[in-house]
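Visitor: Here is a sequence with its predicted model. Questions after.
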Amino acid sequence: MNVKKYFILVLVIVSSFIAIAGGFIVANVVYHGRVADNDKQLPVLDKQNPFQFNKKVNVLILGTDGSKARSDVMIIASLDSKNKGLNMLSIPRDTRIKINNQYQKINAALTFGEEELAIRKVKEITGMPIHYYVTVHFEGFRNIIDILGGVDFDVPINMNYDDPIQNLHIHLKKGMQHLDGKKAEQFVRYRRYPEGDIGRINAQQAFMKALLEQKLKLEYLSKIDDLYKAIKENVKTNIGPIDVTKNIALVKVLNPNNVQMFQLPGEAKMINGISYFIHDDEKTLKLIEENFGYK
């Protein structure tokens, strides 16, 4: 097996999923000093040690909304070599945080302090180290799904939505079907769930799991060159050649059937006329300890 290509395949499939956000591009993690003094001391990404059998590697995946100024998706993808699995934690974009001593939604962190401030706030909430980031431009999503041959998926409800401003037109029937790139984008961009953003996260996670289970197979290594060509203009990451070599062993033992999806514990609340997601510190700590191995 060409493990280097397999490593790239894992990253492509995991990170390409994040293009579901409705269109985004995230720049490299560089801070340009646009926040007040109390938020200027921002952390760099955590350094990763040479491979150990019990090592975990955490990748923060961010995606902006149509304005490209706010993050529409935040997911921590945690690769666990000991358990040969992938755990993913979704953080609702309405999660309430403080920036410059004022309450904001976590999706505003990009506006106030670029990606590095978003990383800091994610680490404050979860206590988890962040080793890498991977970003994907939405324009590569449809091509990637088509190159992989589409995804068989059970659409849970009839979906009909039109937004001329975004040139977004969603029309999908309920039931099991084969989603090509165009239909897959429609599904993952749909927002009108009774549970709001929580329902959208659940749907995105279900699609992500189906994508990994169906496509994270050796037969798709032959698609690497086509995938690379399709995404080279749309993917940015701090994962370099040395990192690929260093983490090959971790990815090699990954079991595509051992993928678990989690969501930040908490509840939606209206505060001063603004809808926030208030995360539960105690339940978050318990979830992180039990499923990600951090205290």
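Guide: Alright, I've got the coordinates.
Visitor: Look up how far residue 209 lies from residue 159.
Guide: As judged by CB to CB, to the nearest Å, residue 159 and residue 209 stand 19 Å apart. All C-beta atoms are positioned from the backbone trio N, CA, C, and that covers glycine.
Visitor: same deal with residue 129?
Guide: From residue 129 to residue 209 the distance is 24 Å (CB to CB).
Visitor: and if you look at residue 220?
Guide: Distance from residue 220 to residue 209, by CB to CB: 16 Å.
Visitor: Any stretches of the stretch 51-200 of the chain with poor pLDDT?
Guide: 51-54, 63-72, 135-140, 166 (pLDDT under 70).
Visitor: Helices of that one, start to end?
Guide: Applying DSSP state H, counting those that start in this stretch to the stretch 51-200 of the chain gives helices spanning 109-126, 141-147, 181-189, 197-215.
Visitor: Are there helices or strands packed against the first one, and which ones?
Guide: Pointing back at helix 109-126 there. Here helix 109-126 touches strand 56-64, strand 71-80, strand 96-99, helix 281-291, going by 3 or more CB pairs under 8 Å, 6 or more residues apart in numbering; DSSP states H and E.
Visitor: Let's have the ones you listed in TSV, adding mean neighbour count and distance to residue 213.
Guide: Shown next, in TSV, are the helices and strands packed on helix 109-126 (neighbours: other CB atoms under 10 Å; distance: least, CB to CB, whole Å):
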stretch	mean neighbour count	distance to residue 213
strand 56-64	24	19
strand 71-80	24	15
strand 96-99	18	33
helix 281-291	14	19
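Visitor: Identify whichever of the ones you listed lies nearest to residue 155.
Guide: Taking CB to CB, strand 71-80 is the member of those nearest to residue 155, at 19.9 Å.
Visitor: Indicate each strand paired with the closest one and its parallel or antiparallel sense.
Guide: strand 56-64 (antiparallel), strand 85-90 (antiparallel) (DSSP bridges).
Visitor: how about residue 192, phi and psi?
Guide: Dihedral pair for residue 192: phi -80, psi 70, per degrees, to the nearest 10.
Visitor: now do residue 263
Guide: Phi and psi for residue 263, reported as degrees, to the nearest 10, are phi -130, psi 140.
Visitor: residues touching it, list them.
Guide: 89, 90, 92, 198, 201, 202, 205 (CB atoms under 8 Å, 6 or more residues apart in numbering).
Visitor: which one of the residues you listed is nearest residue 73?
Guide: Closest to residue 73, out of all of the contacts of residue 263 and judged by CB to CB, is residue 90, at 7.8 Å.
Visitor: Dump the helices of the stretch 51-200 of the chain to TSV, plus distance to residue 103 and mean neighbour count.
Guide: Output for the helices of the stretch 51-200 of the chain, formatted as TSV (distance: least, CB to CB, whole Å; neighbours: other CB atoms under 10 Å):
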stretch	distance to residue 103	mean neighbour count
helix 109-126	12	22
helix 141-147	32	21
helix 181-189	28	21
helix 197-215	18	19
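Visitor: Can I get these in CSV including distance to residue 83?
Guide: Formatted as CSV, those follow (distance: least, CB to CB, whole Å):
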stretch, distance to residue 83
helix 109-126, 18
helix 141-147, 27
helix 181-189, 27
helix 197-215, 15
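Visitor: For residue 288, find the nearest of these.
Guide: Nearest to residue 288 among these is helix 109-126; the distance by CB to CB comes to 5.7 Å.
Visitor: re earlier: any chance of the strands paired with strand 71-80 in TSV with distance to residue 189 as columns?
Guide: Listed next are these as TSV, based on distance: least, CB to CB, whole Å:
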stretch	distance to residue 189
strand 56-64	11
strand 85-90	16
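Visitor: how far does stretch 149-163 stretch from start to finish?
Guide: By CA to CA, to the nearest Å, the extent of stretch 149-163 from end to end equals 27 Å.
Visitor: just stretch 258-270 next, same as before
Guide: 37 Å.
Visitor: Could you do stretch 274-286 as well?
Guide: End-to-end distance (CA to CA), stretch 274-286: 28 Å.
Visitor: any idea of the mean pLDDT in it?
Guide: Averaging pLDDT along stretch 274-286 yields 94.
Visitor: Going forward, count from 2.
Guide: Sure, I'll start numbering at 2, so the last one becomes stretch 275-287.
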